[in-house]
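# Test case, fold it:
(chains A and B)
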Amino acid sequence: MAYVPLADQDKDHELHDPHTFITKYVWSQDHKVIAIQYGGTAICVGLVALVLSMMMRLQLGFPDSFTLIDPSSYYQAVTMHGMIMVVYLLTALFLGGFGNYLIPLMCGARDMVFPFLNMLSFWVYLLSVLILMSSFFVTGGPTGAGWTLYPPQTITPGTPGHDTGILLMLISLGVFIIAFTMGGLNYVTTVLQARAKGLTMMRLPLSVWGILVATILGLFAFPALLVSAIMMTFDLTLGTSFFMPAIMAAGEQLDYNGGSPILFQHLFWFFGHPEVYIVALPAFGLVSDVLSTHARKNIFGYRMMVWAIIAIGGLSFIVWAHHMYVSGMNPYFGFFFATTTLIIAVPTAMKVYNWVLTLWEGDIRLNTPMLFAIGFVFTFIHGGLTGLFLGNVVIDLPLSDTYFVVAHFHMVMGVSPVLVLFASLYHWYPKITGRMMNETLGKVHFWCTFLGTYAIYLPMHYLGFLGVPRRYYAMGSTDFIPESAQALNANITVAALFVAAVQILFFVNVFWSLRNGKPSGNNPWGATSLEWQTTETPPKHGNWGSDLPVVHRWAYDYSVPGYPQDFIPQNVPGDFGVSEDHDHETEMKEGPLAN
Amino acid sequence: MSFYKNVTAKPWEYTSPTVGTGPESAFASSSERIALTLFLVVVGVIFSLLAVSYYVRMEVGDWVPMNDPGLLWVNTAFLILSSVLFQLARNTAQGENFARARALFVAGGLCAVLFVIGQALAWQQLTSNGFDVANGPASAFFYLLTGLHVVHIVGGLWVWSKTTFRFYSQAELASVKHSVELCTTYWHFLLVLWVLIFAVLANT
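Numbering: from 1, shown residues only, chains lettered A, B, ... in the order given. Okay, the predicted model is just below:
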């Protein structure tokens, strides 16, 4: 039987429109509902992590004034904050949330290729979140081993949650990986198989490219976490010694022998470093589309952007040990991994240049999504530059385990992706709900968040240079840290509380705009990509009514000379481009955006 | 469209709308096959990482080599037989011989069930000889690798049982042909995986 692509099979497609409340909103197989379920769950669990970070900041800023947490619960807060933010918020929201919502719409498909698997993916993800949250309520509380879960400390008596807490964490991670694999197979297959007619891979919006490559990274990287979680569970429950060396705890010889903690570190970071890009690549893609749309210009260097995404994805698997310079591994490894780390900066820098060049001479509209997107370019450059410091072994050694590292990774994979999340939420909210968000509230939210995060993280770099160690519950009396460091710490805490409080504006805006926002219409931003060309907003089940869209051009035909509007949607036929004998000089004089 | 043409396409240049439509816009393969291939890659990554861990852990001084039970050879024979029967079922399914394809398919699955039972017996032998999971790194890896492999076989048997059910509830060969093909691919993969695991375990 000859293979017929999905887009061609759809002639007599029957839409099984769900009618009951349960099938429509609870056990839903519609990618848009699943996206909102994923996003909502991720944001809720992210708020838990935000509260944990505030408790940590109160302790650090005003060590003698609060009795909220003791040293044990401080470590538990550090651990849960890190793990939740990286895995359960950012990964889930970018891939489960935006991936689910945008892939079928941007590809011109009716849904994911395997809708049932997609639904299952969300419910298994929810299960993993519930397992993780349950560890707050068991004896001993959640694990306090740090989000890297390094053995032997993780399962050695003395570490908070060294028995039940860590077990629940490992099980939760395993369940999460199963959920991610189900979703991931769906995302990749949908992009490869369910694109609309005429939508070649090189005509895809960069959002889809970012999500696609990030998903492939996840499929290859999460197995490393799964393997290390399984082996650690064996060490914990069955008494094996995969990672646990011979060790004493509280004066007693434990029943372990010969295990390799460094093996765990290699496995963990073989997952952990690609994980940075699992979060970053979707952000790169989404921000490219937001920048291009609101600058009314095609993205600069589209092919270069695609290949940079792919190159970063490939390289991200050979840089992992730059997290382990102080682990005692072979020094030649450091040379190799420092080199690869510098190489991966090249495609990343290309992307940054291309974003800036997309803005160059653009017809920039500084509305809320655009502000967040430009804010991302700033924070990402800052976080990226400090990455170059830490990627070099000789500079990393003195800075290792100081606040410089905390500042670096928060700028590059905390603040930056979160700014993209906000940019994307403000940008696609009209498509999701059919209403515009309030611009004034949005702008206040942006400026407070953007400047506030700088107030938090810039001073942290300085603390790092002073040698202030990270992960400490209280500094105690240390000679090399001046008194002023504590004043700075107090300032950081005030800024952090301010930024956390400001996020209320965002939630007020989301809920207020649901009812009171200005109706958005189908394409409020004048965007070209397919999701804005649906006949209904929010799109109905099946997305496209009776006929699937046919694609005639790439996703970035903005401000095409000679076309009456400053954008040409992807599904509009006809050649409006500049002809071969176009008079470039006239265009230069009149300006490319003369229309 | 060739790979080179695809990656060097200039999407900003207008081309006729027919470019990229039709079969060449997607992989000429079913979605299920693509998803299965991806899944097998993921499984391959899991076991590769375990194999790497095995050799790294072996370097540490406390490694005591372990004699694998001879029963594993019998189990391997069952798994090979299972894979052969699946392949025959797949070939027969192309030729529209419904009853024969069904018999071969069911027999293939049953051989895999025997493999799983055989693995359980091998574990029993090992534990009764004093090699339990916490006995040393070699036996820990033995249980881990064989256990995870059996988990994948059992997952495959679940799909096999669903397909078998469809074999008996529907008379149309076309409706199950694709499932038979996918099961066969999965079984061949698990056989190759098992042979590699066996080789790794034998190398103590």
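# And A:Glu590, what's its pLDDT?
Looking at A:Glu590, its pLDDT stands at 46.
# same deal with A:Gly251?
pLDDT, read off for A:Gly251, is 88.
# Over to B:Gly22?
For B:Gly22, the model assigns a pLDDT of 47.
# Got the domain ranges for chain A?
Domain assignment for chain A by automatic domain parsing gives A:366-520, A:525-595.
# While we're on residue 121, how confident is the model there?
Assuming you mean chain A. A:Ser121 is assigned a pLDDT of 97 by the prediction.
# not quite, I wanted chain B
Here the pLDDT value assigned to B:Leu121 is 96.
# still on that earlier bit, columns distance to chain B and mean neighbour count on top of the domains of chain A, output as a markdown table?
Yep, even glycine has a C-beta here, placed from its N, CA and C like the rest. Putting those into a markdown table (distance: least, CB to the nearest CB, whole Å; neighbours: other CB atoms under 10 Å in any protein chain shown) gives the following:
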| stretch | distance to chain B | mean neighbour count |
| --- | --- | --- |
| domain A:366-520 | 21 | 19 |
| domain A:525-595 | 4 | 17 |
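# mind checking pLDDT for B:Thr18?
On pLDDT, B:Thr18 comes in at 51.
# so which of the domains of chain A comes closest to A:Gly301?
With CB to CB as the measure, domain A:525-595 is the member of those nearest A:Gly301 (10.8 Å).
# Give me the distance from the closest one to the chain's centre.
Domain A:525-595 has its C-alpha centroid displaced from the chain centroid by 29 Å (CA atoms, centre = their mean, to the nearest Å).
# do stretch A:19-27 as well
How far stretch A:19-27 lies from its chain's middle: 29 Å, per CA atoms, centre = their mean.
# Repeat that for stretch A:56-75.
For stretch A:56-75, the gap between its own C-alpha mean and the chain's C-alpha mean amounts to 28 Å (CA atoms, centre = their mean).
# low-scoring pLDDT stretches of chain B, where are they?
B:1-3, B:7, B:15-27, B:171 (pLDDT under 70).
# name the helices or strands packed onto the longest helix along it?
Determined from DSSP state H, the single longest helix within chain B is helix B:137-169. Secondary-structure packing of helix B:137-169 (3 or more CB pairs under 8 Å, 6 or more residues apart in numbering or on different chains; DSSP states H and E): helix A:206-237, helix B:31-58, helix B:98-128, helix B:173-202.
# residue contacts, A:Ile43?
Contact analysis of A:Ile43 by CB atoms under 8 Å, 6 or more residues apart in numbering or on different chains lists A:Leu89, A:Leu93.
# Can you report phi and psi for it?
Backbone torsions of A:Ile43, given as degrees, to the nearest 10, read phi -70, psi -40.
# Mind pulling the model confidence for it?
Listed pLDDT for A:Ile43 reads 97.
# A:Val405 now?
97.
# swap in A:Ala594?
At A:Ala594, pLDDT is 41.
# separation between B:Val84 and B:Arg57?
35 Å (CB to CB, to the nearest Å).
# roughly how far apart are the residue lying closest to B:Leu49 once chain neighbours are set aside and B:Ile46?
Nearest residue to B:Leu49, sequence neighbours excluded (CB to CB, 6 or more residues apart in numbering or on different chains): A:Val227, at 4.7 Å. Using CB to CB, A:Val227 is found at 6 Å from B:Ile46.
# who's more crowded, the two?
A:Val227 (25 against 20; other CB atoms under 10 Å in any protein chain shown).
# Run through the residues that contact that one.
A:Leu267, B:Ile46, B:Leu49, B:Leu50, B:Ser53.
# shouldn't the second one be in contact with A:Leu226?
Yes. Using CB atoms under 8 Å, B:Ile46 and A:Leu226 qualify as a contacting pair, with a distance of 6.4 Å.
# Provide a complete list of residue ranges assigned to strands in chain A.
For chain A, the strands defined by DSSP state E cover A:248-249, A:252-253.
# Point out the most buried one among these.
Highest mean neighbour count of the strands of chain A: strand A:248-249, a mean of 12 (counted as mean count of other CB atoms under 10 Å in any protein chain shown).
# Which neighbours in the sheet does it have, and how are they oriented?
Strand A:248-249 pairs in its sheet with strand A:252-253 (antiparallel), by DSSP bridges.
# returning to that earlier point: neighbour-wise, which of the contacts of A:Val227 leads?
So for the contacts of A:Val227 (other CB under 10 Å), the most neighbours sit at A:Leu267, 27 neighbours.
# didn't that residue look like it was pressed against A:Ser228?
Yes. Contact criterion CB under 8 Å: A:Leu267 and A:Ser228 qualify, at 4.1 Å.
# for A:Asp562, phi and psi?
Not quite, residue A:562 is Gly, not Asp. Dihedral angles for A:Gly562 - degrees, to the nearest 10 - are phi 90, psi -10.
# Now it: closest residue in space, sequence neighbours ignored.
A:Phe576 (5.7 Å).
# Now for that neighbour: which residues touch it?
Contacts of A:Phe576 by CB under 8 Å, 6+ apart are A:Asp557, A:Val560, A:Gly562, A:Tyr563, A:Ile568, B:Tyr14.
# Can you name the residues that contact the fifth one?
Contact criterion CB under 8 Å, 6+ apart gives A:Thr528, A:Arg553, A:Asp557, A:Val560, A:Phe576 as the residues in contact with A:Ile568.
# from those residues, which is closest to A:Tyr473?
Set against A:Tyr473, the nearest of the contacts of A:Ile568 by CB to CB is A:Thr528 (52.0 Å).
# and that closest one, how far is that from A:His31?
21 Å.
# angle of the longest helix of chain B against helix A:206-237?
Interaxial angle of helix B:137-169 relative to helix A:206-237 (axes from the mean of the first three to the mean of the last three CA atoms, to 10 degrees): 120 degrees.
# Which residue ranges of the stretch 101-250 of chain A form helices?
Using DSSP state H, counting those that start in this stretch, the helices found in the stretch 101-250 of chain A span residues A:115-134, A:164-193, A:206-237.
# Tell me the gap between the last one and the middle of its chain.
Between the mean C-alpha point of helix A:206-237 and the mean C-alpha point of its chain there is a distance of 14 Å (CA atoms, centre = their mean).
# buried residues in that helix?
Buried residues in helix A:206-237, counted by 16 or more other CB atoms under 10 Å in any protein chain shown: A:206-236.
# distance between stretch B:103-117 and the chain's centre?
Using CA atoms, centre = their mean, the distance between the centre of stretch B:103-117 and that of its chain works out at 14 Å.
# Then stretch B:175-184?
For stretch B:175-184, the distance to the chain centre is 14 Å (CA atoms, centre = their mean).
# Check stretch A:118-133 too.
18 Å.
# Now do the same contact list for A:His273.
A:His273 touches A:Ser316, A:Phe317, A:Val319, A:Trp320, A:His322, A:His323, counting by CB under 8 Å, 6+ apart.
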